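Asks: Prediction below, plus the sequence it came from.
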Amino acid sequence: MSKLLEVKDLKVSFNTYNGEVHAVRGVTFDLNKGETLAIVGESGSGKSVTSNAIMRLLPEPHGYIKEGQILLEGEDIAKKTSKEMQKIRGKDISMVFQDPMSSLNPTMKIGNQIMEGLIKHQNMSKQEARKTALELLTLVGIPRPDVRIDQYPHQFSGGMRQRVVVAIALACNPKILIADEPTTALDVTIQAQILELMKSIQQKTDSAIIFITHDLGVVANVADRVAVMYAGKIVEIGTVDDIFYNPKHPYTWGLIGSMPTLDSSDEELFAIPGSPPNMLTPPVGDAFAPRNQFALEIDTVMEPPMFKVSDTHYAATWLLHPDAPKIEPPDAVKHRMQGFAQTGTKGGGKR
Amino acid sequence: MTRYLLRRVWYMLITLFIIATFSFFLMKILPGSPLQAEDKLSEEQKAIILEKYGLNEPIPVQYAKYLGGLVKGDLGVSFKFDNTPVTTILMDRIGPSALLGFQALVVGSILGIILGLLASIFRNSPIDFSSTIIAVIGTSIPSFVFAGLLQYVFAVKLGWFPVALWGTSAHTILPTIALAIHPMATAARFTRTEMVEVLHSNYIITARAKGVSETGIILKHGLRNALIPLITVLGPMAVGLMTGSMVIEQIFAIPGIGEQFVTSVMVNDYPTIMGTTLLFAFGFIVIILIIDLLYGLIDPRIRLAGGNK
């Protein structure tokens, strides 16, 4: 598999009245063709900021890429001018947003909103673009596209609007599709439909997907690989099997343990104590240490490097150091992992 | 749509009837009489005049007669201006007022929108601050101050335009500018506020993510959404402008409705006052109808709501 996107030591900061907020503090990952990478983490962990940095949609000049490279097929898009970025956005990388109710222009027919990118990036005539837009609407499963194409967003339901947003994102066959919590604002049955839609489209178009979510159930359902983010860093990255069957980082344990499942009614949910650190003054050492019941002394002094677990699996915790005490995940997490093994990972965490 | 329009016209007639009734009885309560300045007339002469104009009849009879005239489109006869029908006076006078108002509205709103747009694009820059200052000056200083200033600088000192009076299109320029400043300031303020808000909305990020250029974002996605609330403010302002600004017309000695209105109030010319009031009301109602229809054009969400009824 060839590397489509390489993010190397990406650092993103925001200048606020109180000082510099270090939202992303050195994120490194890569993305292969046709692959789905899920980025998970709680609110404020920097996952959306990472994706906005890749799209170069940070609210410049307050939010900016401080350091690092974002290589799209070898070319660093962190260094592109905003004019050059206009040619990449929507064509090579496109994005599906969280809230379909507000991410469509209320005064523009949805057909025109889909056609806009086609006319700009593919130099299509209006007729060609309209034809393609009709095909796209069919592809995303909107009934009677010939009527719907001339309607306005308010005439669509939330799920249908999200399909339109997906159609807009797919219009120019992007190499990478970034989905920033695309199902969070939808109800559960619609969520499943949108996820199915994205999976089937990926099979047809072979584009890579970066899937940002805080819902581990969704991750198990759609992703090939998972990156777990905490306090602006990736703390663990691996295949879905690595993360769900063999998690190494205590934060990942916490996330898995706090997943509600259908058969978990009689057991207590595992909660991660405390709250994420203030990114105005990132802590010294391991940012997760204050909330980590397994924290070692070194965690408060030195940041753990990425330890290799396997060829596909890395985690940043001192627990993986050869000299560290052997610590097993808490029982609740183990129980959950066994549950995955019984039902199979795919859909294992589905509510 | 036709049913909607018919219903609106019906409401307009009711509104006009109420306003006609109110203004009629207010005229009766008003102290003084049309003859108070005519000291040289004897009591007998006055009685003859009152008789002639029907002013000695009981008030309910006068009211019924007035309404009867209204239905036929007759606003009565002016006491002051050589027995001319009020309709004729208003017809003669509406031209200059409407022309000035229209020019001022077009110039003011276009300049204001441009100013507001620039301010919202270059937010917190010197352009933004100057636009704010212009807007504050424009809204807080009354237009007659500008009128005097404009007359002094451009007519008296520079001699580019006539000081006052009516005739050529050169005569319209200074009063148009004086009238346009207020709508310009309002439009600039509103456009800026709305644009700043619109440019922060999610669909603008969607447009950016599509690779739309900044110009496209502002003109295609931003402006249309920002204009919706602006129309609400500019509508009523348009009526005020088109039916004549009393002060500006006085200053520039323009034979418009506003000037006419002031004169007729001074001399208790009842039919003319009532006629002008009705004309203002009529203009206001029509413009509000136009605004509602315009809303539908600009905002598809409202169009559907109206069409469904």
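Replies: Received, thanks. Only a predicted model underlies this, so the values are computations on that prediction, with no experimental measurement involved.

Asks: Please identify the buried residues of the strand or helix carrying B:Thr263?
Replies: With elements delineated by DSSP states H and E, B:Thr263 resides in helix B:257-266, which encompasses its position. Taking 16 or more other Cβ atoms under 10 Å in any protein chain shown as the basis for neighbour counts, the residues of helix B:257-266 that come out buried are B:Ile257, B:Gly258, B:Glu259, B:Gln260, B:Phe261, B:Ser264. (C-beta placed from N, C-alpha, C; glycine too.)

Asks: how far away is A:Leu5 from chain B?
Replies: 16 Å (Cβ to the nearest Cβ, to the nearest Å).

Asks: Please enumerate residues in contact with whichever strand or helix holds that residue?
Replies: When secondary structure is defined using DSSP H and E, the element that contains A:Leu5 is strand A:3-16. With Cβ atoms under 8 Å, 6 or more residues apart in numbering or on different chains as the contact definition, strand A:3-16 has outside contacts at A:20-33, A:46, A:49-50, A:53-54, A:58, A:61-73, A:78, A:175-176, A:208, A:232, A:280.

Asks: what residues does the stretch 101-250 of chain B put near chain A?
Replies: Within reach of chain A by Cβ under 8 Å from any Cβ of the partner chain, the stretch 101-250 of chain B has these residues: B:201-203, B:205-214, B:220-221, B:224-225.

Asks: cutoff 7 Å now
Replies: Residues of the stretch 101-250 of chain B lying close to chain A by Cβ under 7 Å from any Cβ of the partner chain are B:201-203, B:205-213, B:221, B:224-225.

Asks: Name only those of those that count as buried.
Replies: The neighbour count (16+ other Cβ under 10 Å) marks B:201-203, B:205-212, B:221, B:224-225 as buried among those.

Asks: Pick the one among these closest to A:Thr239.
Replies: Taking Cβ to Cβ as the measure, A:Thr239 sits nearest to B:Ala209 out of those, at 28.7 Å.

Asks: ok, the closest one - contacts?
Replies: B:Ala209 is in contact with A:Met55, A:Leu57, A:Arg89, A:Gly90, A:Ser94, A:Met95, counting by Cβ atoms under 7 Å, 6 or more residues apart in numbering or on different chains.

Asks: Take the residues you listed and lay them out in TSV including pLDDT, distance to chain B and secondary structure.
Replies: Formatted as TSV, the contacts of B:Ala209 follow (pLDDT from 0 to 100; distance: Cβ to the nearest Cβ, whole Å; DSSP: H, G, I helix; E, B strand; the rest coil):
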residue	pLDDT	distance to chain B	secondary structure
A:Met55	89	6	helix
A:Leu57	87	6	coil
A:Arg89	88	4	strand
A:Gly90	85	4	coil
A:Ser94	90	6	strand
A:Met95	89	4	strand
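
Asks: So what's the model's average confidence on the top helix by length along chain B?
Replies: Of all the elements of type helix in chain B, the one with the most residues (DSSP state H) is helix B:86-121. Taken as a whole, helix B:86-121 has an average pLDDT of 83.

Asks: got the residue ranges for the strands in chain A?
Replies: With DSSP state E, the ranges of strands along chain A come out as A:3-16, A:19-32, A:36-40, A:63-72, A:75-76, A:93-96, A:176-180, A:208-213, A:225-230, A:233-239, A:307-308, A:314-315.
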